[in-house]
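Colleague: Turn this into a model:
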Amino acid sequence: MAITGTIIAVASTAASIDQNKKSARAQERAQKIQQKQQAMQTARERRKQIRAARQSQAELRATAFAQGTAQTSRTAGISGNIASTRAENLNFIDQSSAFTSAIGQQNIKAARAQSQAGTYGALAGLAMQSSGTGLFDKPVDVE
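Modeller: The predicted structure is shown next:
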């Protein structure tokens with residue numbers, strides 16, 4: 001009976017290890033999909049910021065031309081402010097994206113570590129069960 005119990009323990013440990021690995025792979029895939037989604041959102045936001053800045057520049061040029069102030073320092077200053085704001089917004093978007101990516105990478109590492117911990121836990125449980133069966137005890141010389 002002890003051997004049957006050990007066989008069942010070994011089989012269930014192997015199944016547990018396999019499921020832990022499948023779970024970790026699924027978590028990694030989900031995290032990578034999330035990162036792709038974030039990259040798409042970041043690209044969309046960058047395009048939105050660039051478009052808004054271009055529109056502001058065009059409106060400024062049109063207004064300045066209509067008022068005859070196209071070549072003034074005031075117009076140049078406003079144009080510079082628009083470009084500066086655009087650069088700040090794009091920098092913020094890039095930094096935010098980098099943080100999101102770093103978080104995703106850490107989540108992938110955590111999933112791998114969790115899977116390994118489950119594997120080691122299952123193996124430790126198997127070792128504990130096996131030690132109680134006498135299956136791995138040293139033979140005793142009987143004379």
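Colleague: okay, which residue is most central for the chain?
Modeller: Among the residues of the chain, the one closest to the centroid is Gly104, at 1.4 Å (Cα atoms, centre = their mean).
Colleague: Against Gln129, how distant is that residue?
Modeller: Look at Gly104 and Gln129: by Cβ to Cβ, to the nearest Å, they are 38 Å apart. C-beta coordinates here come from the backbone N, C-alpha and C atoms, glycine included.
Colleague: cool, Asn20 as well?
Modeller: Distance, Asn20 to Gln129, by Cβ to Cβ: 18 Å.
Colleague: ok, now Thr63?
Modeller: From Thr63 over to Gln129 the distance is 81 Å, taken as Cβ to Cβ.
Colleague: now Gly80
Modeller: Distance, Gly80 to Gln129, by Cβ to Cβ: 73 Å.
Colleague: So for those two, which residue has more residues nearby?
Modeller: A count of neighbours by other Cβ atoms under 10 Å puts Gln129 above the other of Gly80 and Gln129, at 18 against 10.
Colleague: how about the helices in the protein?
Modeller: Secondary structure of the chain by DSSP state H: the helices cover 2-67, 73-133.
Colleague: any chance of the ones you listed in CSV, with mean pLDDT too?
Modeller: Compiled in CSV, the helices of the chain are given as follows (pLDDT from 0 to 100):
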stretch, mean pLDDT
helix 2-67, 85
helix 73-133, 85
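Colleague: just checking, Arg86 touches Arg47?
Modeller: No. Contact criterion Cβ atoms under 8 Å: Arg86 and Arg47 do not qualify, at 11.8 Å.
Colleague: the more surrounded of those two?
Modeller: More neighbours surround Arg86 than the other of Arg86 and Arg47, with 17 against 10 (other Cβ under 10 Å).
Colleague: which residues touch the more buried one?
Modeller: 49-50, 52-53 (Cβ atoms under 8 Å, 6 or more residues apart in numbering).
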